[in-house]
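Participant: How does the following fold in three dimensions:
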Amino acid sequence: MIKISDIKGINKLVTDSVSGVTDIVSTMHKTIDNTPGLCGATTSGPIGKISDIVYNSIHSVNNLVRDCIDTILSELEPIIDNEKNFPERDAVLSALNGVLGDYLVKHNNPLAIPMTVQQYKQPPLNLETLSEKLDIPDYTGKLLVVVHGLCMNYQQWLFNGHNHADALARDFGYTPLYLNYNTGLHISINGRSFSNLLELLIPNLDIKDFVIFTHSMGGLVTRSAYHYGIQTGCSWPKYLNKQFFLGTPHHGAPLEKGGNWINLILERFPHAAPFARLAKIRSSGITDLRYGTILDEDWISKDRFDHLPDERHPVPLPEKVQSYAIAGTLASDQGNMTDKIIGDGLVPTDSALGKHSTSELCLQFPEDSQWIAYGLNHWDLLYHETIYEKIYQWCSSNGRPYTRSRA
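Facilitator: Predicted coordinates:
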């Protein structure tokens with residue numbers, strides 16, 4: 001079900017898009033006007049002035065339409081809005097936030113997703129008003145915090161009746177809590193927010209065991225959170241025992257690097273340069289995936305669309321936390337070049353396993369704490385039973401194998 005707040009957000013997004021496209025067309029028009037003709041003369045003049053009037057009129061009408069629709073929706077909101085969420089709606093909002101999340105926040109768009117933590121299909125925990133111990137149903141003292149990846153949400157851990165977190169709860173007694181967040185923000189911004197959230201959460205729980213379980217970008221957010229947790233003197237990092245990374249692009253993903261090259265090519269041609277703005281319609285979270293950027297200092301004071309080398313500061317794995325990495329690959333056997341180039345379709349195996357040609361950036365996962373899943377893509381890592389078999393083996397104190405009869 002679509003909420004009134006969703007429609008207001010979409011209205012703002014559409015009118016912003018009209019404004020943006022108008023600017024692109026206007027810029028292209030001026031570029032053409034100012035391009036010398038065969039005799040060296042430009043075509044700018046009265047036509048250019050008339051076009052300016054037309055484009056300014058479009059902006060004025062667009063703003064008026066936006067304001068009128070917002071006024072009408074504000075009147076209707078108390079009558080027909082519904083607080084209930086639906087998986088389809090949440091999936092669309094999550095994808096939108098992944099692509100445009102930083103833009104939504106910058107423009108105070110109600111479609112922007114706030115960072116929350118919750119049990120599966122339960123209301124988010126209210127961490128800001130805590131005055132006593134948290135009341136979490138069926139809490140066992142063994143906390144599992146689950147962190148999704150780009151353009152996703154916590155509900156997408158479940159597929160065909162299987163959820164890795166539910167399986168860990170069943171087999172090892174963990175209580176899962178799911179992080180939900182705007183994946184379009186810079187990873188370091190989400191990392192700081194995640195650290196602050198954990199610092200509110202952990203002191204209000206009796207902790208016997210604490211594990212963070214991640215997929216894709218969620219692993220980068222977790223590494224960033226740990227870094228800032230230590231840097232700011234938080235207490236929660238000392239409780240963390242294990243962290244799992246499924247398909248995390250520790251050293252970036254080729255698709256974002258490809259997007260950066262598209263920007264570079266378009267900007268080199270005058271008539272195509274206005275369209276480079278379209279290629280830049282991707283969030284800070286996405287551009288952070290070029291190299292796996294997780295620190296503020298690696299993006300502040302830089303144009304994230306510039307074609308820059310990898311100049312990240314090293315962020316090693318924590319020494320006192322057991323860290324595990326799983327990489328997927330579309331290849332069916334070892335030694336296939338698909339591992340190195342494509343990996344799971346989004347993340348190369350070396351990136352997922354933290355391997356890098358520069359020793360300072362190499363994450364040094366222990367050999368028995370890293371694993372390659374052959375014949376599986378990036379999304380299979382979320383659901384496939386062979387992935388859980390390996391996780392089960394790592395979590396078992398005696399390394400006993402997983403048996404399918406447990407499912």
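
Participant: hey, let's count contacts and neighbours off CA atoms from now on
Facilitator: Fine.

Participant: ok, residue 117 - contacts?
Facilitator: Residue 117 makes contacts with 124-125, 177-180, as judged by C-alpha atoms under 8 Å, 6 or more residues apart in numbering.

Participant: So what are the sheet partners of the helix or strand in which it is found and their directions?
Facilitator: Using DSSP states H and E, residue 117 sits in strand 116-118. Strands that pair with strand 116-118, judged by DSSP bridges, come out as strand 175-180 (antiparallel).

Participant: need the next SSE after the strand it pairs with, C-terminal direction.
Facilitator: helix 187-201.

Participant: Strand 175-180 and the next helix or strand after the strand holding residue 117, what's the angle between them?
Facilitator: Downstream of strand 116-118, the first helix or strand assigned by DSSP H and E is strand 142-147. Per axes from the mean of the first three to the mean of the last three C-alpha atoms, to 10 degrees, the angle that strand 142-147 makes with strand 175-180 is 20 degrees.

Participant: Show me what strand 142-147 is packed up against.
Facilitator: strand 175-180, strand 209-215, helix 217-231 (3 or more C-alpha pairs under 8 Å, 6 or more residues apart in numbering; DSSP states H and E).

Participant: again, only this time at 6 Å
Facilitator: Here strand 142-147 touches strand 175-180, strand 209-215, going by 3 or more C-alpha pairs under 6 Å, 6 or more residues apart in numbering; DSSP states H and E.

Participant: for residue 341, what are its contacts?
Facilitator: residue 348 (C-alpha atoms under 6 Å, 6 or more residues apart in numbering).

Participant: still on that earlier bit, is it possible to export the helices and strands packed on strand 142-147 to CSV including distance to residue 300?
Facilitator: Listed next are the helices and strands packed on strand 142-147 as CSV, based on distance: least, C-alpha to C-alpha, whole Å:
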stretch, distance to residue 300
strand 175-180, 25
strand 209-215, 26
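
Participant: Tabulate those (TSV), appending distance to residue 199 and mean neighbour count.
Facilitator: Shown next, in TSV, are the helices and strands packed on strand 142-147 (distance: least, C-alpha to C-alpha, whole Å; neighbours: other C-alpha atoms under 10 Å):
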stretch	distance to residue 199	mean neighbour count
strand 175-180	14	23
strand 209-215	13	21
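
Participant: With distance to residue 354 and mean pLDDT as added columns, please give those strands in TSV.
Facilitator: Formatted as TSV, the helices and strands packed on strand 142-147 follow (distance: least, C-alpha to C-alpha, whole Å; pLDDT from 0 to 100):
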stretch	distance to residue 354	mean pLDDT
strand 175-180	23	97
strand 209-215	14	98
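
Participant: ok, back up a step: tell me the mean pLDDT over the strand holding residue 117?
Facilitator: Strand 116-118 carries an average pLDDT of 95.

Participant: Next: stretch 134-143.
Facilitator: 88.

Participant: cool, and stretch 391-400?
Facilitator: 81.

Participant: thinking again about what came up before, from the contacts of residue 117, pick the one nearest residue 224.
Facilitator: residue 179 (14.7 Å; C-alpha to C-alpha).

Participant: residues in contact with the helix or strand containing residue 95?
Facilitator: Under DSSP H and E, the secondary-structure element containing residue 95 is helix 87-106. The list of residues contacting helix 87-106 from outside it, by C-alpha under 6 Å, 6+ apart, reads 112, 150-152, 182-185, 282-283.

Participant: can you rerun that using 7 Å?
Facilitator: Helix 87-106 has contacts (C-alpha atoms under 7 Å, 6 or more residues apart in numbering) with 1-2, 111-113, 150-153, 182-185, 282-284.

Participant: How about stretch 119-127?
Facilitator: Here stretch 119-127 has contacts from 116-118, 176-178, 200-201, using C-alpha under 7 Å, 6+ apart.

Participant: Please consider this matter closed, and thank you.
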